[in-house]
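Novice: Okay, sequence plus prediction incoming.
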Amino acid sequence: GDSVTQMEGPVTLSEEAFLTINCTYTATGYPSLFWYVQYPGEGLQLLLKATKADDKGSNKGFEATYRKETTSFHLEKGSVQVSDSAVYFCALKSGGSNYKLTFGKGTLLTVNP
Amino acid sequence: DAGVIQSPRHEVTEMGQEVTLRCKPISGHNSLFWYRQTMMRGLELLIYFNNNVPIDDSGMPEDRFSAKMPNASFSTLKIQPSEPRDSAVYFCASTLAGEKLFFGSGTQLSVL
């Protein structure tokens, strides 16, 4: 079945540091890939997405590139801010489903001033 | 837009009691999801409704869990009887036939 594997957290960085959160997946067909972010006390919200191989999703300085050959969708940001502190979830929607998102377990990011 | 509204935000109850969680999706959205979030298992899809009809309830843990969507603007998730292992954050999410889910703020359930 479909699955998403994220790097274990927590990740702690200083402000302006470079961020990478690794995500790999297993899926049937050609999935769409997503990063969702959950700020403390809130629900998840979509951060970025990519729907086909080599697509790059980007938003708020975050980027992730859909790599079919390595089945990966790593999240990166060149310079993190304290306000980026949150839990980040990688997710996929299999090409065989029109609704079901499979989420990774989440990675807690803490950015210190 | 008010977003997806869930109530209550926090619920503390004793084992054996009935618990009802409520959700109001975003107006105009035709798909609604209930998820459960725990440290051990992460986010799990419990049930999915499309146009108020349950399409996939394969994630509902057992008969103690039930969900309804009597109309396009309201859904409930009921646990009866509740058990300590049901303690989790329960999220409702909605979408308009798309890939972007809009999540509510969740209900933190503690069963003592």
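Specialist: Thanks, I have it.
Novice: so who does A:G104 touch?
Specialist: Contacts for A:G104 were tallied using Cβ atoms under 8 Å, 6 or more residues apart in numbering or on different chains; they are A:V4, A:T5, A:Q6, A:C23, A:F89, A:C90, A:A91, B:G42. The C-beta positions use only the backbone N, C-alpha and C, and glycine is treated the same way.
Novice: same deal with B:T76?
Specialist: So, once contact is read as Cβ under 8 Å, 6+ apart, B:T76 ends up touching B:T20, B:L21, B:R22, B:C23, B:A67, B:K68.
Novice: Could you count how many residues lie near B:V12?
Specialist: Residues within reach of B:V12, counting by other Cβ atoms under 10 Å in any protein chain shown, total 12.
Novice: Could you measure from it over to chain A?
Specialist: According to Cβ to the nearest Cβ, to the nearest Å, B:V12 stands 17 Å off from chain A.
Novice: For beta bridges, what are the partners of that residue?
Specialist: B:V12 has these beta-bridge partners by DSSP bridges: B:S110.
Novice: which one of the contacts of B:T76 has the most neighbours?
Specialist: Greatest neighbour count in the contacts of B:T76, by other Cβ under 10 Å, goes to B:C23: 25 neighbours.
Novice: Can you show me the strands along chain B?
Specialist: Counting by DSSP state E, chain B has strands at residues B:5-7, B:10-13, B:19-24, B:31-38, B:42-50, B:53-56, B:65-71, B:74-79, B:88-95, B:102-103, B:107-111.
Novice: Then chain A?
Specialist: Under DSSP E, chain A gives strands at A:3-6, A:11-14, A:19-21, A:23-26, A:32-38, A:44-50, A:56-59, A:62-65, A:75-77, A:86-93, A:101-103, A:107-112.
Novice: what pLDDT does the closest residue to chain B within chain A get?
Specialist: Nearest residue of chain A to chain B (Cβ to the nearest Cβ) works out as A:G43 at 3.0 Å. The model reports A:G43 with a pLDDT of 90.
Novice: same question, the one 4 residues further on
Specialist: Reported pLDDT at A:L47 in the predicted model: 97.
Novice: Verify the stated contact: it with A:K60.
Specialist: Yes - here A:L47 reaches A:K60: they are 7.1 Å apart, a contact under Cβ atoms under 8 Å.
Novice: More neighbours: the two, which one.
Specialist: Between A:L47 and A:K60, A:L47 has the larger neighbour count (other Cβ under 10 Å), namely 20 against 12.
Novice: Residue of chain B nearest chain A, please.
Specialist: B:F103 (3.0 Å).
Novice: What's the local residue count around the residue nearest to that residue when sequence neighbours are not counted?
Specialist: Distance criterion Cβ to Cβ, 6 or more residues apart in numbering or on different chains; nearest residue to B:F103, sequence neighbours excluded, is A:G43 at 3.0 Å. A:G43 has 22 neighbouring residues, counting by other Cβ under 10 Å.
Novice: if I pick A:G43, what's in contact with it?
Specialist: Residues near A:G43 by Cβ under 8 Å, 6+ apart: B:V4, B:F91, B:A93, B:F103, B:G104, B:S105, B:G106.
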